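J.: Okay, predicted coordinates and the sequence, questions at the end:
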Amino acid sequence: MIDSPRLKLLVGTHGLRLAAVLAIVAVLAVSSAGWLAFTPQTETVTQQGHHQQVTTTTATSAVVTAEDSLWPKGTELRDKPVYLFNATPEMTVTARTGVQGAERATIDHEWQLTLLAESDGEVFWSETETLTAETHEGTAGNTTTTVDVAELRERVQRQQQKVGTAGTVRAVLRLNVEYETDRYQGGTTLSTPIEFRGDAFALPGELSDRSQHSTPIPTEVTRPADRGLVYGLGGLGLLALAGAAGIVYQRPDTIDVERARNEMYRRQYDEWISPGVIPDGLAQAFVNVESLEDVVDVAIDTNERVIHDTRRDLFAVISDNVVYYYSAEGNWEETMFPSFEVPDSGGGPAPDSGGEPAPGPLAPDGDAPDDFEEAFGGGDGDSPLDFSEDE
């Protein structure tokens, strides 16, 4: 049984439509959940494939040529932070390039030496010479070049004398790398200054590089069903089905809609309603309003209370000489003075009289029955109810 009047009113007014809507929602939700659960979802994603990596590194070395240096003559020094002029006047630089992920490749190396003059960071003179240029077929290649650093220092000093105080002359070692693989091609340029530090020289720059190559490949992947969505739709379908069944079980066609509406208003406006007994003999004017809500509105406007006569299920506001009332039974007279059907006690044949009329309050000839006369003093004029005219 529905306890909420508002819900009862809703079911009584729109119950069958609500049940139909909930049933449709249940079917759609459960069907959608089943479709999501058993139909694989595919989508196209872009993945990177055909990966190739091209790496270039360099190494430095120098052979000791002096008799009285820190190292024995003929010693090969590798990747030192500095080299001494008096021990190793020449330096060898080797470039190594390798390609990973390719079946074939062509690698070009070119070593260049540049002298340049600059002022405030801007170059105003330069000259470049190619030291070594080689091409390698395959996925790896090494190219080596040798620089006479002692002779290079003298060249820089001669050019510096020509420039004077207008700028600074310095030397730069540059490596140009170009490659072409079975899928990709590219190149890079690496450079470092050759610094002269008194009795030593060094290559402070970073002569290395790594390049990554890949190709976007569209791939169709199957994604598992979203369990949360499947369970949510399934639960929604079951709830909707249970709601539809509950509405049908309540039999909306048997619900008294007007009574449910009145009960809803009664609970809603309970603070304005007081139980009481409305007397029968009121002499005021009567105004029949359409609903309990209207009675409450009158009570609010007149600052009165609504009296609920539970015997007649009558709601009324008594204001001055006017009674504003509402009753589901009808108007004031029908509510306050209901009519009753009295069983007929005469005028018809008695069950065992053989078809003769049963005796009634008056005899067939119009005279009062004996018991009536005896009750009211016979017919001698001594009756307390004497309706004869006085002579």
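T.: It's in.
J.: use CA for all of it now, contacts and neighbours both
T.: OK.
J.: what about this protein, any weak spots by pLDDT?
T.: 1-15, 247, 249-258, 260, 281-283, 330-391 (pLDDT under 70).
J.: which residues of the protein fall in helices?
T.: For the chain, applying DSSP state H gives helices covering 5-38, 149-163, 227-249, 257-268, 292-302, 332-336, 370-375.
J.: closest one to Q52 among the ones you listed?
T.: helix 149-163 (37.1 Å; CA to CA).
J.: Need the contact partners of that closest one.
T.: Residues outside helix 149-163 that contact it (CA atoms under 8 Å, 6 or more residues apart in numbering): F85, P89, E90, M91, L115, A117, T168, V169, R170, A171, F196, F201.
J.: if we can go back for a sec, which among the helices of the chain is found nearest to S208?
T.: Judging the helices of the chain by CA to CA, what sits closest to S208 is helix 149-163, at 21.5 Å.
J.: Could you pull out the buried residues of that closest one?
T.: V149, A150, L152, R153, V156, Q159, Q160 (16 or more other CA atoms under 10 Å).
J.: would you turn those residues into a markdown table with distance to E304?
T.: Formatted as a markdown table, these follow (distance: CA to CA, whole Å):
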| residue | distance to E304 |
| --- | --- |
| V149 | 115 |
| A150 | 118 |
| L152 | 115 |
| R153 | 115 |
| V156 | 113 |
| Q159 | 115 |
| Q160 | 113 |
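J.: In terms of distance to G234, which of the residues you listed ranks first?
T.: V149 (81.6 Å).
J.: Distance check, that closest one against A200.
T.: Distance from V149 to A200, counting by CA to CA, to the nearest Å: 10 Å.
J.: Now do the shared contacts for the two.
T.: F85.
J.: got the domain boundaries for this structure?
T.: According to automatic domain parsing, the chain comprises the domains 5-40+225-254, 50-210, 257-336.
J.: got a markdown table for those domains, with distance to T219 too?
T.: Shown next, in a markdown table, are those (distance: least, CA to CA, whole Å):
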| stretch | distance to T219 |
| --- | --- |
| domain 5-40+225-254 | 16 |
| domain 50-210 | 14 |
| domain 257-336 | 62 |
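J.: what sits against the nearest residue to V230 once chain neighbours are set aside?
T.: Spatial nearest neighbour of V230, chain neighbours left out: A33 (4.8 Å); criterion: CA to CA, 6 or more residues apart in numbering. Contacts for A33 (CA under 8 Å, 6+ apart) come out as L229, V230, Y231, L233, G234.
J.: Wait, the second one touches L36, no?
T.: Yep, that's V230 we're talking about. Yes. Contact criterion CA atoms under 8 Å: V230 and L36 qualify, at 6.6 Å.
J.: tell me the centre residue of the chain?
T.: Centroid check for the chain by CA atoms, centre = their mean gives L229 as the closest residue, at 12.2 Å.
J.: residues touching it, list them.
T.: L229 neighbours (CA under 8 Å, 6+ apart): A33.
J.: Try it again at 10 Å.
T.: S32, A33, L36, A37, G235 (CA atoms under 10 Å, 6 or more residues apart in numbering).
J.: For the second one, give its distance to I217.
T.: As judged by CA to CA, A33 and I217 stand 33 Å apart.
J.: of all the buried residues of helix 149-163, which comes closest to A242?
T.: V149 (93.0 Å).
J.: what bridges to the spatially closest residue to D79 that is not a sequence neighbour?
T.: What sits nearest to D79 in space, not counting adjacent residues and going by CA to CA, 6+ apart, is T60, at 4.9 Å. Beta-bridge partners for T60, by DSSP bridges, are V93.
J.: Just to check, T60 is in contact with T143?
T.: No. If you go by CA atoms under 10 Å, T60 and T143 don't touch, sitting 12.0 Å apart.
J.: what's the overlap in contacts for the two?
T.: By CA under 10 Å, 6+ apart, T60 and T143 have these common neighbours: V93, T94, A95.
J.: Just the buried ones from the residues you listed?
T.: Applying 16+ other CA under 10 Å to these flags V93, A95 as buried.
J.: can the shared contacts of T60 and T143 go into JSON lines with extra columns for distance to N288?
T.: Converted to JSON lines, these look like this (distance: CA to CA, whole Å):
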{"residue": "V93", "distance to N288": "113"}
{"residue": "T94", "distance to N288": "112"}
{"residue": "A95", "distance to N288": "109"}
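J.: check contacts around G235.
T.: Counted by CA under 10 Å, 6+ apart, G235 has contacts A26, A29, V30, A33, L229, L241.
J.: that older thread, drop anything exposed from the contacts of A33.
T.: V230, L233, G234.
J.: mind listing what's buried in stretch 204-214?
T.: L207, S208, H213.
J.: is it possible to export those to TSV including distance to L131?
T.: Output for the buried residues of stretch 204-214, formatted as TSV (distance: CA to CA, whole Å):
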residue	distance to L131
L207	16
S208	19
H213	30
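J.: about what we covered before: list just the nearest of the shared contacts of T60 and T143 to E290.
T.: Distances from E290 to these, taken by CA to CA, are shortest for A95, at 102.3 Å.
J.: close enough to count as contact, that closest one and L207?
T.: Yes. Assessed by CA under 10 Å, A95 is found in contact with L207 at 8.6 Å.
J.: okay, and the common contacts of the two?
T.: Common neighbours of A95 and L207 (CA under 10 Å, 6+ apart) are T56, T57, T58, A59, L175.
J.: neighbour-wise, which of those residues leads?
T.: The most crowded member of the shared contacts of A95 and L207, judged by other CA atoms under 10 Å, is L175 (22 neighbours).
J.: Look up the residues forming beta bridges with that one.
T.: W111, L190.
J.: cool, and G98?
T.: What pairs with G98, by the bridge criterion (DSSP bridges), is T55, A140.
J.: ditto for R210
T.: Applying DSSP bridges to R210 yields these beta-bridge partners: T55.
J.: With the one 10 residues further on instead?
T.: Per DSSP bridges, the residues bridged to E220 are T44.
J.: Any figure for the gap between it and Q41?
T.: Taking CA to CA, one finds E220 at 10 Å from Q41.
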